[in-house]
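Novice: sequence below, structure please.
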Amino acid sequence: VEKVAVVEKVERVEVVGTVDFKAFWDRYNDKARSSRVKTERVWRRMSKAEQVKAYNYIPKYLHSIPGGVMKKYATTYLNDQLWNN
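Specialist: Next up, the predicted model:
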């Protein structure tokens, strides 16, 4: 009789602190093209955990954009939930 161990990976997401919209807006830094009003509207509908994830993923997202390709509008970044891809 062969015994097989089953290992499950459990991911636990814990929100440590919060991120306000101004911090997100400044870090994303697309003020010339993106609508602050529309972006903030989307931001307010997001959970605190999603806001933190979106904020923290910005540097990785910006690094992943190939040269010559423009980043998405801030509203599109939030609506498409790029940090979950």
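Novice: with adjacent residues omitted, what lies nearest to the residue sitting nearest the centre point of the chain?
Specialist: Centroid-nearest residue in the chain, with Cα atoms, centre = their mean: residue 54, separated by 1.7 Å. Among residues not flanking residue 54 along the chain, residue 83 sits closest, at 5.4 Å (Cβ to Cβ, 6 or more residues apart in numbering). Using the backbone N, CA and C atoms, a C-beta is placed for each residue, glycine as well.
Novice: follow-up on the earlier one: assign the residue nearest to the centre of the chain to helix, strand or coil.
Specialist: helix (DSSP: H, G, I helix; E, B strand; the rest coil).
Novice: just residue 69 next, same as before
Specialist: Residue 69 - assigned by three-state DSSP - is coil.
Novice: ok, it - how many residues close by?
Specialist: 8 (other Cβ atoms under 10 Å).
Novice: with residue 31 instead?
Specialist: Close neighbours of residue 31, defined as other Cβ under 10 Å, add up to 12.
Novice: same thing with the one 10 residues further on?
Specialist: By the measure other Cβ under 10 Å, the count of residues near residue 41 is 12.
Novice: just the element for it, please.
Specialist: Residue 41 belongs to helix 36-45 when assigned by DSSP states H and E.
Novice: check residue 43 and give its pLDDT.
Specialist: Per-residue confidence (pLDDT) for residue 43: 97.
Novice: now it: closest residue in space that isn't a chain neighbour?
Specialist: residue 21 (5.0 Å).
Novice: and if you look at residue 58?
Specialist: Closest to residue 58 by Cβ to Cβ, 6+ apart is residue 27, at 5.2 Å.
Novice: next one: the one you found from residue 61, what distance?
Specialist: Taking Cβ to Cβ, to the nearest Å as the measure, residue 27 falls 11 Å from residue 61.
Novice: how far out from the middle of the chain is stretch 58-73?
Specialist: Its chain's C-alpha centre and that of stretch 58-73 lie 13 Å apart, by Cα atoms, centre = their mean, to the nearest Å.
Novice: tell me which residues of that stretch come out buried.
Specialist: By neighbour count on 16 or more other Cβ atoms under 10 Å, the buried set for stretch 58-73 is 58, 61, 71, 72, 73.
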